[in-house]
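In: have a look at this fold, sequence not included:
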């Protein structure tokens, strides 16, 4: 509850990661009303990034020397890109309305990640599997 409270008090959440699968923390940050600045990882660009419009400020993926390590000399450019993405997110202003409500496109984008939606998908697969058994 402390983390959720902290995230609700923030305007922007940053995830300048070099390696993630599906970064669920971005969904949590959006649900708390944060704009997000995140590295252009596949789980971001092909996942939540397709659904949240300008709530996401993309940080270009830097050159890597390994799966999760910057290539030599790439740090300065990566830091500059992070600064630009954060400035862009901050310039866009608050994500939530004056009453704290999320914009409808964000609410709709997050709907599939709610526990009730997740359970419905799991139950559907389970029912189908049991029908085939």
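Out: Structure's in. What do you need? These numbers come from a predicted model, not from an experiment.
In: where does the prediction get shaky in this structure?
Out: The model of the chain has pLDDT under 70 over residues 133.
In: and the residue nearest the centre of it, what element?
Out: A centroid search over the chain (Cα atoms, centre = their mean) returns residue 26, at 2.8 Å, as the residue closest to the centre. According to DSSP states H and E, residue 26 maps onto helix 24-31.
In: who's in contact with the following helix or strand past that helix?
Out: Per DSSP H and E, the first helix or strand lying C-terminal to helix 24-31 is strand 35-39. For strand 35-39, the surrounding residues in contact (Cβ atoms under 8 Å, 6 or more residues apart in numbering) are 11-18, 20, 23, 26, 29-30, 44, 49, 52, 55-61, 82, 85-86, 88-90, 92, 95. Placement of C-beta: from N, CA and C, glycine included.
In: partner strands of strand 35-39, with direction?
Out: In the sheet, strand 35-39 lines up against strand 12-15 (parallel), strand 56-59 (parallel) (DSSP bridges).
In: please identify the most buried of those.
Out: Highest mean neighbour count of these: strand 56-59, a mean of 22 (counted as mean count of other Cβ atoms under 10 Å).
In: contact partners for residue 45?
Out: Residue 45 neighbours (Cβ under 8 Å, 6+ apart): residue 58.
In: circling back to that earlier point, can you give me the angle the helix holding residue 26 makes with strand 35-39?
Out: 160 degrees (axes from the mean of the first three to the mean of the last three Cα atoms, to 10 degrees).
In: and helix 24-31, how far from the chain's centre?
Out: 5 Å (Cα atoms, centre = their mean, to the nearest Å).
In: does anything pack onto that helix? Which helices or strands?
Out: Under the contact definition 3 or more Cβ pairs under 8 Å, 6 or more residues apart in numbering; DSSP states H and E, helix 24-31 sits against helix 2-9, strand 12-15, strand 35-39, helix 104-111.
In: would you list these in CSV and tack on distance to residue 127?
Out: Below are the helices and strands packed on helix 24-31 laid out as CSV (distance: least, Cβ to Cβ, whole Å):
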stretch, distance to residue 127
helix 2-9, 33
strand 12-15, 36
strand 35-39, 35
helix 104-111, 21
